[in-house]
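Undergrad: How does the following fold in three dimensions:
(4 chains)
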2 protein chains.
Amino acid sequence: MKTADRHTQIADAAMRCFARRGFAGTTTRMLARAAGVSEALVFRHFPDKRSLYDEIVERKVGEEDDGLFPEEAAARGDDRAVLASIAAALVRRVESDADFMKLLTFSCLEGTSLSRRYFQARDRTAIEFLSTYLARRIREGALRPVRPETAARAFLGMSLHHLHLKHVLGLPVRRRPARELVETWVDIFLGGMKR
Amino acid sequence: MKTADRHTQIADAAMRCFARRGFAGTTTRMLARAAGVSEALVFRHFPDKRSLYDEIVERKVGEEDDGLFPEEAAARGDDRAVLASIAAALVRRVESDADFMKLLTFSCLEGTSLSRRYFQARDRTAIEFLSTYLARRIREGALRPVRPETAARAFLGMSLHHLHLKHVLGLPVRRRPARELVETWVDIFLGGMKR
DNA sequence: GGCATGTAAGTGAGTGTTTACTTACTTCAG
DNA sequence: CTGAAGTAAGTAAACACTCACTTACATGCC
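TA: You can find the predicted model right below:
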């Protein structure tokens, strides 16, 4: 097998392990088993356990997801479209990458510096985009005067709390189609924000 | 020192350790150091590391918090009071017990059965109380027809997401007085739920 | 009071096992 | 033949947990 392929294969398997048991809870033996190779090979590809872990996070920081920054809907002032796009993007991201979200939560709890980097890079920009948009719409008189940051967090919270319970913590949440959920969140939020 | 005192003292110190590093990330040596005793004494009080961990969770399952089930405001149909009481109770709980909330999140991620028990006992009842209340108010025509469970989760999500970021994950969140936050959440939610 | 005695509180120095990581070796395609 | 891909068999340290032992002190007896 080519070096690069094996490298990513090990990293992929490792992500699943770390997501399930956390950094401290995962042994290098588990990592090797999950990737179907010997422990020695894992250490040929990564200098140590921590580097492997860090590389997984690092790789994800770069990824982008569509819909999280709906610039054109924002330019049009289409509140409904902006919010629905963001919420749908969050659902997509968490559902398609539940393992990484778990790993990330572990990482935050364990206090790794990389998790902070990730949140700075992604969560932060999402909240800033939305609160900037809301601030403008409030200035335009289209929405009630509320602290934009608080309101933005409140909206993201509706989606993220649900997604967190379901996909990260794996707790039983009544199943509803994503489209219906997004619609409900947007309806409630916009209803509460309109003048 | 009396047995019972030392027992709780070790458990208290252990909670701080487990909250900071998780179960797997905490060594019995750390537990002993944190409690200021020898490792041997820890094992005199608890049969093993897991039992110590479990006992901490078990102890908390029993605790109750005021305001999470505002029965009388609910009976009056005072939506604002019901929601504000619940949100304030959540803020109080998470702020006063951030360590345990971290431990609990770790526990869920690590897949311990006890964390499920906790959520069944507490989160579940909170969501049920609120969604039952909302269902009634919708039936009475006071609120828009929305799935009560989805709406209830959405409301709790606004508070819990914020609290989770700030106190559990320890991420930088702009500081606002709790009272102001609660008011904003209630305003947005009720505005969006009113007919 | 003085002093033996029983017991609960507490620990230093281990136990065997598991851990992260290494070394010395084999295999095999080009 | 060479070099890259791969591993079996280690190593030292750290791990959860135990054991044999030492206090500290209350109690009862003279």
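Undergrad: When you work out contacts or count neighbours from here on, use the C-alpha atoms and nothing else.
TA: OK.
Undergrad: The lowest-mean-pLDDT helix or strand in chain A and chain B in contact?
TA: Counting by mean pLDDT, DSSP states H and E, chain A has its least confident helix or strand at helix A:113-121, which shows a mean of 83. Yes - counting by C-alpha under 8 Å from any C-alpha of the partner chain, contacts between helix A:113-121 and chain B involve A:Arg116.
Undergrad: Just want the angle from whichever helix or strand comes after that helix to helix A:113-121.
TA: Sequence order places helix A:123-139 as the next helix or strand after helix A:113-121, per DSSP states H and E. Interaxial angle, helix A:123-139 versus helix A:113-121 (axes from the mean of the first three to the mean of the last three C-alpha atoms, to 10 degrees): 20 degrees.
Undergrad: Local confidence estimate at the residue of chain A most remote from its centre?
TA: Computed with C-alpha atoms, centre = their mean, the residue of chain A farthest from its C-alpha average is A:Ala40, at 32.4 Å. Per-residue confidence (pLDDT) for A:Ala40: 97.
Undergrad: Assign it to helix, strand or coil.
TA: What DSSP: H, G, I helix; E, B strand; the rest coil gives for A:Ala40 is helix.
Undergrad: From DNA strand D, how far out is it?
TA: Distance, A:Ala40 to DNA strand D, by C-alpha to the nearest atom of the strand, to the nearest Å: 4 Å.
Undergrad: One more: A:Pro148?
TA: 45 Å.
Undergrad: do the same with A:Ala84
TA: 45 Å.
Undergrad: Isn't that residue up against A:Thr184?
TA: No - A:Ala84 lies out of contact with A:Thr184 (C-alpha atoms under 8 Å); the separation is 9.8 Å.
Undergrad: Outline the domain layout of chain A.
TA: Chain A breaks down into these domains under automatic domain parsing: A:3-60, A:64-193.
Undergrad: Looking at the ones you listed, which one is packed in the most?
TA: Across the domains of chain A, the average number of neighbours (mean count of other C-alpha atoms under 10 Å in any protein chain shown) peaks for domain A:64-193, which reaches a mean of 19.
Undergrad: So it, near DNA strand C or not?
TA: No - with C-alpha under 7 Å from any atom of the strand as the criterion, DNA strand C is not reached by domain A:64-193; the gap is at least 14.8 Å.
Undergrad: Straight-line length of that domain, end to end?
TA: Distance across domain A:64-193, first residue to last, is 29 Å (C-alpha to C-alpha, to the nearest Å).
Undergrad: how much distance is there from stretch A:144-156 to the middle of the chain?
TA: 20 Å (C-alpha atoms, centre = their mean, to the nearest Å).
Undergrad: Other residues contacting it?
TA: Contacts to stretch A:144-156, defined as C-alpha atoms under 8 Å, 6 or more residues apart in numbering or on different chains, come from residues A:87, A:127-128, A:130-132, A:134-135, A:138, A:185, A:189, A:193-195, B:157-159, B:161-162, B:181, B:184-185.
Undergrad: what do you get if the cut-off is 6 Å, keeping everything else the same?
TA: Stretch A:144-156 is contacted by residues A:Leu130, A:Ser131, A:Leu134, A:Ala135, A:Ile138, A:Met193, A:Lys194, A:Arg195, B:Met158 when judged by C-alpha atoms under 6 Å, 6 or more residues apart in numbering or on different chains.
Undergrad: And stretch A:13-29, by the same measure?
TA: Stretch A:13-29 is touched from outside by A:Leu31, A:Ala34, A:Ala35, A:Asp99, A:Lys102, A:Leu103, A:Phe106, B:Ala24, B:Gly25, B:Glu110, with contacts defined as C-alpha under 6 Å, 6+ apart.
Undergrad: In those, which has the lowest confidence score?
TA: Lowest confidence among the contacts of stretch A:13-29: B:Glu110, with 89.
Undergrad: How about the residues of chain A by chain B?
TA: A:21, A:24-25, A:108-110, A:154, A:157-158, A:161, A:169, A:188-189, A:191-192 (C-alpha under 6 Å from any C-alpha of the partner chain).
Undergrad: Quick check: which of the residues you listed has the minimum pLDDT.
TA: pLDDT across the residues of chain A next to chain B is at its lowest for A:Glu110, which sits at 89.
Undergrad: so where does the nearest residue to A:Leu41 once chain neighbours are set aside fall, helix or strand?
TA: Residue nearest to A:Leu41 in three dimensions, not counting chain neighbours: A:Ala32, with 7.9 Å by C-alpha to C-alpha, 6 or more residues apart in numbering or on different chains. Assigned by DSSP H and E, A:Ala32 belongs to helix A:28-35.
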